[in-house]
Every structure is written in structure tokens, then in C-alpha cells.
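Undergrad: okay, here's the prediction I keep looking at, along with the sequence it came from:
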Amino acid sequence: MSMNTAQGFYEVYKSLPKKVQKEVIDLITNDNEEYIQICLPALVDGLTELKEIKAGKKTSRPVSELLKELKNGL
């Protein structure tokens with residue numbers, strides 16, 4: 001993981017609820033051989049959007065809007 005990737009992951013991690021943060025730590029430190037598949041382009045898009053929100057170039061959206069998107073299959 002490059003430093004930029006690690007920094008991006010940490011920014012996303014910090015924005016998660018405490019319960020989810022604990023689950024992420026548990027997944028990282030878990031010694032069994034379960035793997036999580038992550039769509040890298042979607043992660044990159046999310047990080048880019050997060051940076052734009054922090055820079056004031058984009059406004060944040062309510063969770064209800066995100067849930068609608070997820071329910072409708074994006």
C-alpha cells in the first residue's frame with residue numbers, strides 16, 4: 001500500500017461509526033484466511049468524492065439518499 005492509499009484508507013476509516021471501525025480492525029487482525037473483495041475503482045471514486053467534500057467543492061449527501069441508491073442498485 002502506498003502512503004497515499006494508506007492515508008485515503010485512514011480517512012475513510014476515521015469517518016466510519018465506532019462499531020464499524022472495530023469490525024474493520026477485527027477483519028484486519030483476523031488470522032483465518034477469509035478475504036474481502038473490494039471494488040477498487042469504487043473505493044477510489046469514494047475517496048475522490050470525500051476529498052472534494054473536505055475541500056468544499058462538493059456538498060455532502062444525507063444517508064437516506066445513499067440508502068435509496070443502494071436499494072435501487074446504484
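TA: Good, I have the coordinates. Note that this is a predicted model, so its numbers are computed, not measured.

Undergrad: could you pull up the mean pLDDT of the longest helix anywhere in the chain?
TA: Criterion DSSP state H: the longest helix present in the chain is helix 40-54. Mean pLDDT, helix 40-54: 85.

Undergrad: quick one: contacts for the residue sitting nearest the centre point of the chain?
TA: In the chain, the C-alpha nearest the mean C-alpha coordinate belongs to residue 12, at 4.6 Å (Cα atoms, centre = their mean). By Cβ atoms under 8 Å, 6 or more residues apart in numbering, the contact set of residue 12 is 43, 46-47, 50. Any C-beta I mention is one placed from the backbone N, CA and C, and that applies to glycine too.

Undergrad: show me the domain layout of the chain.
TA: With domains defined by automatic domain parsing, the chain comprises 1-36, 39-74.

Undergrad: ranking those domains by mean pLDDT, which is last?
TA: domain 1-36 - the lowest mean pLDDT of the domains of the chain, at a mean of 77.

Undergrad: send the alpha carbons of the helix or strand residue 28 falls within over as CSV?
TA: Secondary structure from DSSP states H and E places residue 28 in helix 18-29. These are the backbone C-alpha positions of helix 18-29, laid out as CSV (Å, rounded to 0.1, in the frame of the first residue of the first chain):
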residue,chain,number,x,y,z
LYS,A,18,-17.0,3.3,16.0
LYS,A,19,-18.8,-0.1,15.7
VAL,A,20,-17.7,-0.4,12.1
GLN,A,21,-14.2,0.7,12.9
LYS,A,22,-14.0,-2.1,15.4
GLU,A,23,-15.2,-4.6,12.8
VAL,A,24,-12.6,-3.3,10.3
ILE,A,25,-9.8,-3.8,12.9
ASP,A,26,-11.2,-7.3,13.6
LEU,A,27,-11.1,-8.2,9.9
ILE,A,28,-7.6,-6.9,9.5
THR,A,29,-6.2,-8.7,12.6
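
Undergrad: I'm done for today, thanks for sticking with me.
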